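Chemist: Provided below are the primary sequence and the corresponding predicted coordinates.
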Amino acid sequence: MNPWRDRYCGELRAEDEGTRVMVAGWAARRRDHGGLIFIDLRDHSGVIQLVVNPERTRDAAKTAHDVRTEFVLRARGEIVRRAAEAVNPNIPTGDVEIQVDELDIVSRSEPLPFQLDDDNVDEPLRLRYRYLDLRRERMQRNFRLSHTVIAAIRRSMDEQGFVDIWTPSLTLGTPEGARDFLVPVRLQPGRFFALAQSPQLFKQLFMIGGFERYYQIATCWRDEDLRADRQFEFRQLDLELAFPTRDEVIDVMERVVVASFQSLGRDAPTRPLPRMAYADALLRYGTDKPDVRYGLEIQDATEVTRGSQFGVFANADAVRFLVAPRAFSRAELARLEAVAKEWGGKGLAYVVYDEAGEVRSPIAKFLSEDELAAFSSAPDSTVLFAADTPAMAARVLGGLRVQLAEELELIDDSRDELLWVVDFPLFQNDEDSGEWTFVHHPFTAPLEDHEDLIETDPARALSQHYDLIWNGWEQGSGSIRIHRQDVQQRVFSAMGMSDEEARSKFGWFLDALQMGAPPHGGFALGIERFLALLAGEDTIREVIPFPKTASGSDPLTGAPSEISGPVLQELGVATRKPRPAAPKER
Ligand code: ASP
């Protein structure tokens, strides 16, 4: 027999009337009504009302006087039906209560640093006392939801024939676009492991190793600035298939997505999910993570402004615009211009159509009839322009689009829009070095007929890389990989890596590609981003039990900590202060 309880608080119902039970949990609330004391007792299953009546039991009534919020209690008593006027229809146990015969304080609690039913507690305080925060309904809901979804993901992967295999955390740095976390090695002072940014090359080795369908819910570490959708450590549903087509990988993922929605009893998105080419996403939404829950699409006016009298238009590589459904005032336009500049724009040209449909714009006098006709828009709207390089025009209008959608409340929160972005470029120009670098990672295969472009026209080479987007959040990425050593080497060399450098960094992997590497490809879904959206949360911190703050520290344990001289010496590491300033939080 369990010494603490024989029933859970949340499961007691009218049918249990007359039963004697023992329950245990936390005192969520205590009300003293002169004679009677009411205690809401909470365990993981829910809440039951205890009634302590001094006429029934003097001892329990005495104990009940000492009880404070969040004390841990054990109670024995009888289930009785509540009087009609005392029924609480808001909780599942609201028809009944326990008339207490025995009450014990199992564990006491200091007054809490915040009330568990206060929704406005500062995040650092919540994280400092995360174990209390975890008792709150929202956290209980989020982590139980997380469990349900992860169980569904595992079931789906199992049903689809994937084998769960582990990969090392301590490894050699692989290029995934972030900095590595480094781990010194006592047995080899002065040398470092990198914590895996992802299992990328290991999962490719599983394909070469003949497993054909691998998956793992893998922890990944990336030393990046922390934001709403980024933490130093996070999990991925990481998977890889041998002999796949892109459509097969996408189909595997779509099944996982549908199973996850269904596990929560939610309507799943219809398969197949829509697909959009990267170039199209950039042109119409100014980003490779388009939120298509609202319109506000970007339009191109480069052709029509070629001979414009307005020099800014005539001289720009690209002229694009979007139409906001509102006639902005000068002050609003000045603010939007500042936003455009934050995104890297030089300014913000505009044409306002007032309520009567009259044009208000400092540039209108320079625009031809054809131009004005091309931008012509409904009364009470504003056409906002970006005239710049194509990439900058996309960036500025993409940024404005998101901001305007929020400000003008154009987003329909009840919608879930998932889609694939496909046909990414293979390379992008690195702003710092001016060299070609990878867009996804250097193991991504070019489109089959774009292989020759690796050398002849890297800017135009498209890859077999695909991203899953949900309401403007990137949920994950994947690609068909390069499985031929010569192609891999050509990609390295297009990125400015000499053969010697490629061999010294990736020789072990290039060797593997020469020993019967099958065609392969895969995907990685960011588990926390996926869970955050399923839970309706704005940041992944709400679905991570013990997250770090924006400055990269853990308010609960105080980590990271300084390490003493002798320990460092043993590791062959010397430290130097000061440290860089902490980044700002979104
Ligand atoms: N390793 C990649 C990433 O973490 C995912 C993949 O290509 O499968 O984004």
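Modeler: All right, it came through fine.
Chemist: What parts of this protein come near the ligand?
Modeler: Residues of the chain lying close to the ligand (C-beta under 6 Å from any ligand atom) are 176, 198, 200, 477-479, 522-524. Placement of C-beta: from N, CA and C, glycine included.
Chemist: Quick check on those: which are buried?
Modeler: By neighbour count, with 16 or more other C-beta atoms under 10 Å, these hold 176, 198, 200, 477-479, 522-524 as buried.
Chemist: picking that back up, can you redo the residues of the chain next to the ligand as a markdown table with secondary structure?
Modeler: Listed next are the residues of the chain next to the ligand as a markdown table, based on DSSP: H, G, I helix; E, B strand; the rest coil:
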| residue | secondary structure |
| --- | --- |
| Glu176 | coil |
| Ser198 | coil |
| Gln200 | helix |
| Ser477 | strand |
| Gly478 | strand |
| Ser479 | strand |
| Gly522 | strand |
| Phe523 | strand |
| Ala524 | strand |
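Chemist: Reformat those into CSV and put pLDDT next to each item.
Modeler: Formatted as CSV, the residues of the chain next to the ligand follow (pLDDT from 0 to 100):
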residue, pLDDT
Glu176, 77
Ser198, 96
Gln200, 97
Ser477, 98
Gly478, 98
Ser479, 98
Gly522, 98
Phe523, 98
Ala524, 98
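Chemist: List just the nearest of those to Gly295.
Modeler: Closest approach between these and Gly295, by C-beta to C-beta: Ser477, at 26.3 Å.
Chemist: quick one, strands of the stretch 451-586 of the chain?
Modeler: 465-470, 473-480, 520-526 (DSSP state E, counting those that start in this stretch).
Chemist: And the residues of the chain next to the ligand, which is closest to Ile98?
Modeler: Of all those, Ala524 has the smallest distance to Ile98: 49.1 Å, by C-beta to C-beta.
Chemist: So Met157 sits against Ile165, correct?
Modeler: No. Contact between Met157 and Ile165 fails when scored by C-beta atoms under 8 Å: they sit 11.6 Å apart.
Chemist: can you pull up the bridge partners for the residue in the stretch 201-350 of the chain that the ligand sits nearest to?
Modeler: Of all residues in the stretch 201-350 of the chain, the one sitting closest to the ligand is Gln236 (6.0 Å; C-beta to the nearest ligand atom). Beta-bridge pairing of Gln236 under DSSP bridges involves Ala218, Gly526.
Chemist: Could you pull up the residues touching it?
Modeler: 198, 217-218, 220, 476, 524-527 (C-beta atoms under 8 Å, 6 or more residues apart in numbering).
Chemist: more neighbours, Met157 and Ile165?
Modeler: Neighbour count, other C-beta atoms under 10 Å: between Met157 and Ile165, Met157 has more, with 23 against 15.
Chemist: Low-confidence bits of this structure, can you list those?
Modeler: Applying pLDDT under 70 to the chain flags the ranges 578-586.
Chemist: ranges for the helices of the stretch 451-586 of the chain?
Modeler: With DSSP state H, counting those that start in this stretch as the criterion, the stretch 451-586 of the chain has helices at 453-456, 485-494, 499-513, 527-535, 565-571.
Chemist: just to revisit the earlier point, just the buried members of the contacts of Gln236?
Modeler: Buried among these (16+ other C-beta under 10 Å): 198, 218, 220, 476, 524-527.
Chemist: Let's have these in CSV, adding distance to Lys346.
Modeler: Output for the buried ones among the contacts of Gln236, formatted as CSV (distance: C-beta to C-beta, whole Å):
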residue, distance to Lys346
Ser198, 37
Ala218, 43
Cys220, 38
Gly476, 35
Ala524, 37
Leu525, 38
Gly526, 34
Ile527, 40
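Chemist: check contacts around Arg213.
Modeler: 160-163, 239-242.
Chemist: switch the cut-off to 10 Å
Modeler: By C-beta atoms under 10 Å, 6 or more residues apart in numbering, the contact set of Arg213 is 157, 160-163, 206-207, 239-242, 244, 252, 522.
Chemist: Quickly list what Ala75 is bridged to.
Modeler: Ala75 has the following beta-bridge partners by DSSP bridges: Val23, Leu103.
Chemist: Pull the residues that contact stretch 354-365.
Modeler: Taking C-beta under 10 Å, 6+ apart as the rule, stretch 354-365 contacts 308-310, 312-313, 327-330, 333, 349-353, 367, 371-372, 375-383, 385.
Chemist: Of the residues you listed, select the buried ones using a PyMOL command.
Modeler: Selection of buried members from these for PyMOL, criterion 16+ other C-beta under 10 Å:
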select buried, resi 308+310+312+313+327+328+333+349+350+351+352+353+367+371+375+377+381+382+383+385
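Chemist: where do the helices sit along the stretch 1-150 of the chain?
Modeler: Using DSSP H, counting those that start in this stretch, helices in the stretch 1-150 of the chain cover 58-66, 123-128, 130-133, 137-159.
Chemist: For the one helix or strand Gln428 maps to, what is the distance to the chain centroid?
Modeler: Element membership for Gln428 (DSSP states H and E) is strand 427-429. The chain centre lies 25 Å from the centre of strand 427-429; the measure is C-alpha atoms, centre = their mean, to the nearest Å.
Chemist: what packs against it?
Modeler: strand 436-438 (3 or more C-beta pairs under 10 Å, 6 or more residues apart in numbering; DSSP states H and E).
Chemist: Note down every partner strand of the strand it packs on and its orientation.
Modeler: strand 427-429 (antiparallel).
Chemist: which of the residues in the partner strand are buried?
Modeler: Applying 16+ other C-beta under 10 Å to strand 427-429 flags Phe427 as buried.
Chemist: Please enumerate residues in contact with that strand?
Modeler: Contacts to strand 427-429, defined as C-beta under 10 Å, 6+ apart, come from residues 391, 435-439, 442, 444, 446, 453-454, 458-461, 463, 491, 494-495.
Chemist: who's in contact with Ala318?
Modeler: By C-beta under 10 Å, 6+ apart, the contact list for Ala318 reads 283, 300-302, 305, 386-394.
Chemist: Who does it form a beta bridge with?
Modeler: Asp388.
Chemist: Next: the one 4 residues further on.
Modeler: With DSSP bridges as the criterion, Leu322 is bridged to Leu384.
Chemist: what's the neighbour count on it?
Modeler: Leu322 has 22 neighbours, counted by other C-beta under 10 Å.
Chemist: correct me, but it touches Gln403?
Modeler: No. Using C-beta atoms under 10 Å, Leu322 is not in contact with Gln403, being 11.2 Å away.
Chemist: Cheers, nothing more for now.
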